[in-house]
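In: Sequence and predicted model, in that order:
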Amino acid sequence: MSTSRQAETAAGGRLRAPLFFALMAALIVLEGLTSSWNSALGILNMGLLSAIMALGVNMQWGYAGLFNAGAMGFVALGGLAPVLISMPPTQGAFKAGGVGILIAFAVATIAVIGAVWLYRTLKGRARGLAVALVLIIGFFVFRWVFDPAVAAIEAINPSAAGNLGGLGLPTLVSWPVGALLAAGAAWLVGKIALGLRSDYLAIATLGIAEIVVAVLKNEQWLDRGVLNVNGIPRPWPVPYEITLQNSPAFVSKMQAWGIDPTQGSTLTVKLAFLLLFVVVIGVLLWFSEMARRSPWGRMMRAIRDNEVSAAAMGKNVTRRHLQIFVLGSAVIGLAGAMMISLDGQMTPSSYNPLRYTFLVLVMVIVGGSGSNWGSILGGLLIWYVWVKAGDWGPNIMALLASPVPDGAFKQHMIDSAAHMRMLVMGGILLIVLRFSPRGLLPEK
Amino acid sequence: MDFLNALVAITNYVIIPATAYGAQLALGALGVTLIYSILRFSNFAHGDTMAFGTGVVILITWGFQAMGISFGPLPTALLALPFGIIITSALMLGTDKVVYQYYRKVKAAPVVMVMVSVGVMFIMNALTRFLIGVDQINFADGARFVINAREWREMTGLAEPLTLRSTQVITVVTAILVVWALFWFLGKTRTGKSMRAFSDNEDLALLSGIDPDRVVAVTWIITGALATIAGTLYGLDKSFKAFTYFQLLLPIFASAIVGGIGNPVGAIAGGFVISFSEVGLTYAWKKVVTYLIPNWEPDGLVQLLSTDYKYAVSFTILILVLIFKPTGLFKGKIV
């Protein structure tokens, strides 16, 4: 009896994923037919990026049960990479202040390492005093070197630059660098907060995310802060609309197909991004699936399902947690770097924890915790709902408000429709957690 | 004289604001710590609960103002506060019935409860925004100052001004009353004692015939009240903005953990540790230094950290505590 039921669900499981993905494709096609292909491809591209973020968060939450409440920070940190790697360097900036900034960071590193060394070697009251002294002196020396360097950089052509600029390398190089940046930060946080109570990691990551975004908003020498960095170069095969429009071959081809060349060029660009993203997702998915099926993946699940028995089997739970936390954050950082390349600009004030941390968690849980295909489906589907809830919200609200007499209250109702998506997302998250905790595509 | 001036400057720019802020954080952290010790999870929806409670209070305040009701020199919001508490606590009880109760019954892992509280956070976020929007709102009325700068100068003849806003006094007085009432409740009443017993040892408490549903319900009511009071005081003292309240989550968690999560005394101490460090490190000490060291004026502002990094302070303190004393200053509980 039970075996036949299992077989049944297994057959259902085989059909389940293709069915849901077909539904998702239908939704995108519907958007293309009813609205425009431009917006359909836009949703698809951002959906794929969200899917990559969800893959990263799924490694942490789904494989290991680690709650990362700071995905936004890793997305933002990854987004810094295209600015630092692929933007052209600002003339004279490095000479004016770059060296000073490097020295300042060297001082900070030496002070921290010195403090750690003192903490480990000394004992008693002398230890606290010595550590505090080293840190305080280190801080003042750091500020003493750092402040003039920053002032010098920010003084260079402040209306257009005022920052260090990048290295002028190809944009594709910046993607793995974004992953590395995020991985470094994750290592630091994980080293401290893992091994303690499970919710401490959540609180610590919440904090690091706020701080990363604060740094990006305020450190003008780094990324021009709230002045934003524009014109970040596109990754390798993606063309620019203007080049396409100026190319006679492209224009004649589009005309032969009966497509307006201007529209055709934007579609081509979006398709090129799409292709690139699909390749990245394919590689990530292949690696994730291989990892999940490997002995390492079995060990991870064993740890997640019962930490105590896994520890009794000689598995170093904290180390494995740190490993998966760093890996997952690297994937999130990669998505952050890719997103900045897609947007072509860095706007630190656009990082919002609800959008980049908690929405991604919703994606993972709706898709199915621990399931890679589920994360991709969740990323696409939830992003679609998020965008569409923004469109439908005002209409639904107008309908609800229609019996209400005109006046301030009706206006208030219609104005608040923009917040509908929060309600929808919270509702979806709670309903899935309660009634279908394994998600749309459960882990096998 | 210069020494006195320096002292006045420190009081004016550091001690008074940090005390008021610390009291607000302490009330917020008490809510987090109560939920933690009774329901055993970190409530990510707490910041948005504060925002919701404050939103309700603001709406009622506007209603009172429209009806011409005022509270004399005190802000009308204080009159609206009890109504806000009732509505918020009712919402908390409703949330518990609809959402959390199930997870208690299936004995879900704490981290799952945290995830559930994220869902609640989204909903509260939306409710607050439906209710009152996303804009910054100032709703303090009544007398603005207890001591204003001019009076102070005339009174003392010191060059350095000192202002004491009425909202700051109200914050501290209210916080003291609330904390006193809470400790009296937890220490002296039967329900309070059963809550403490439940927090210390759930199984033993159940065995002694303590009704868990009652304990949980009372906890949610108190949490709703604390969140509304903390949010209203913060809004009176500064201003109300839904997103700022979400961001308060970090310093509030930091306060609760620094003091020792699950320990009410720790939550209060933690609130003040965080507020004094935050204000002290982001204050520009130039004035004080100029007064204290004669014939020397520093070039910069002598500000250790820009105010944009105030959350970095709570984070750093949190990290230091996690590294060196994970149970917090006052032995919290580690589940």
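Out: Now that the structure is in, tell me what you want to look at.

In: use CA for all of it now, contacts and neighbours both
Out: Will do.

In: which parts of the stretch 151-300 of chain A sit against chain B?
Out: When proximity is defined as C-alpha under 8 Å from any C-alpha of the partner chain, the stretch 151-300 of chain A approaches chain B at A:192-193, A:196-199, A:203-204, A:206-208, A:210-211, A:214-215, A:218.

In: Report the buried members of these.
Out: With neighbours counted by 16 or more other C-alpha atoms under 10 Å in any protein chain shown, those contain buried members at A:192-193, A:196, A:198-199, A:203-204, A:206-208, A:210-211, A:214-215, A:218.

In: So which of the residues you listed are in helices?
Out: Among these, the members falling in helices (DSSP state H) are A:192-193, A:198-199, A:203-204, A:206-208, A:210-211, A:214-215, A:218.

In: Next, format those as JSON lines and append pLDDT.
Out: Rendered in JSON lines, the data for these read as follows (pLDDT from 0 to 100):
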{"residue": "A:I192", "pLDDT": "86"}
{"residue": "A:A193", "pLDDT": "87"}
{"residue": "A:S198", "pLDDT": "76"}
{"residue": "A:D199", "pLDDT": "80"}
{"residue": "A:I203", "pLDDT": "88"}
{"residue": "A:A204", "pLDDT": "89"}
{"residue": "A:L206", "pLDDT": "90"}
{"residue": "A:G207", "pLDDT": "89"}
{"residue": "A:I208", "pLDDT": "90"}
{"residue": "A:E210", "pLDDT": "90"}
{"residue": "A:I211", "pLDDT": "91"}
{"residue": "A:A214", "pLDDT": "91"}
{"residue": "A:V215", "pLDDT": "92"}
{"residue": "A:N218", "pLDDT": "89"}
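
In: any idea how far A:F105 is from A:F146?
Out: Counting by C-alpha to C-alpha, to the nearest Å, the gap between A:F105 and A:F146 amounts to 8 Å.

In: More neighbours: the two, which one.
Out: Per other C-alpha atoms under 10 Å in any protein chain shown, whichever of A:F105 and A:F146 has more neighbours is A:F146, with 21 against 16.

In: Enumerate every residue touching that one.
Out: Contacts for A:F146 (C-alpha atoms under 8 Å, 6 or more residues apart in numbering or on different chains) come out as A:G100, A:I101, A:A104.

In: Over to B:V288?
Out: When the contact criterion is C-alpha under 8 Å, 6+ apart, the partners of B:V288 are B:N5, B:A6, B:L7, B:A9, B:I10.

In: May I ask which helix or strand encompasses the second one?
Out: To tie it back to what came earlier, the one meant is B:A6. Counting by DSSP states H and E, the element that carries B:A6 is helix B:2-10.

In: which pair in the ones in helices among the buried ones among the residues of the stretch 151-300 of chain A next to chain B spans the largest distance?
Out: Greatest spatial distance in those: A:S198 and A:N218, 31.5 Å, computed using C-alpha to C-alpha.

In: what comes up buried for stretch B:69-76?
Out: With burial defined by 16+ other C-alpha under 10 Å, the residues of stretch B:69-76 counted as buried are B:S70, B:L74, B:P75, B:T76.

In: what do you get for stretch A:265-285?
Out: With burial defined by 16+ other C-alpha under 10 Å, the residues of stretch A:265-285 counted as buried are A:265-274, A:276-277, A:280-281, A:284-285.

In: Stretch A:252-266 now?
Out: Taking 16+ other C-alpha under 10 Å as the basis for neighbour counts, the residues of stretch A:252-266 that come out buried are A:M254, A:P261, A:G264, A:S265, A:T266.

In: can you check stretch B:202-218 too?
Out: Buried positions in stretch B:202-218, judged by neighbour count with 16+ other C-alpha under 10 Å: B:E202, B:A205, B:I210, B:P212, B:V215, B:V216, B:A217, B:V218.

In: got any ranges where the chain has weak pLDDT?
Out: Because you didn't say which chain, this covers chain A. Along chain A, the model assigns pLDDT under 70 to residues A:1-13.

In: The intended chain is chain B.
Out: Scanning chain B for pLDDT under 70 picks out the ranges B:332-335.

In: for chain A, what are the nearby residues on the stretch 151-300 of chain B?
Out: Residues of the stretch 151-300 of chain B found near chain A (C-alpha under 8 Å from any C-alpha) are B:L250, B:F253.

In: picking up where we left off before, let me know the closest of the contacts of B:V288 to A:M425.
Out: Distances from the contacts of B:V288 to A:M425 were compared by C-alpha to C-alpha; the smallest belongs to B:I10, at 46.1 Å.

In: Run a quick neighbour tally on the residue of chain A found nearest chain B.
Out: Relative to chain B, the nearest point of chain A is A:G426 (4.5 Å; C-alpha to the nearest C-alpha). Applying other C-alpha under 10 Å, we find 25 other residues in the vicinity of A:G426.

In: can you tell me how far it sits from A:V387?
Out: Separation of A:G426 from A:V387 (C-alpha to C-alpha): 15 Å.

In: about what we covered before: so which of the buried residues of stretch B:202-218 belong to strands?
Out: Counted as lying in strands by DSSP state E, out of those, is not a single one.

In: can you pull out the helices in the stretch 201-335 of chain B?
Out: With DSSP state H, counting those that start in this stretch, the ranges of helices along the stretch 201-335 of chain B come out as B:202-207, B:212-237, B:242-247, B:249-259, B:264-282, B:286-292, B:310-324.

In: now the ones you listed as a markdown table including distance to B:M115?
Out: As requested, these are exported to a markdown table (distance: least, C-alpha to C-alpha, whole Å):
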| stretch | distance to B:M115 |
| --- | --- |
| helix B:202-207 | 23 |
| helix B:212-237 | 18 |
| helix B:242-247 | 16 |
| helix B:249-259 | 15 |
| helix B:264-282 | 23 |
| helix B:286-292 | 45 |
| helix B:310-324 | 21 |
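
In: Just name the most buried of the ones you listed.
Out: helix B:249-259 (a mean of 31; mean count of other C-alpha atoms under 10 Å in any protein chain shown).
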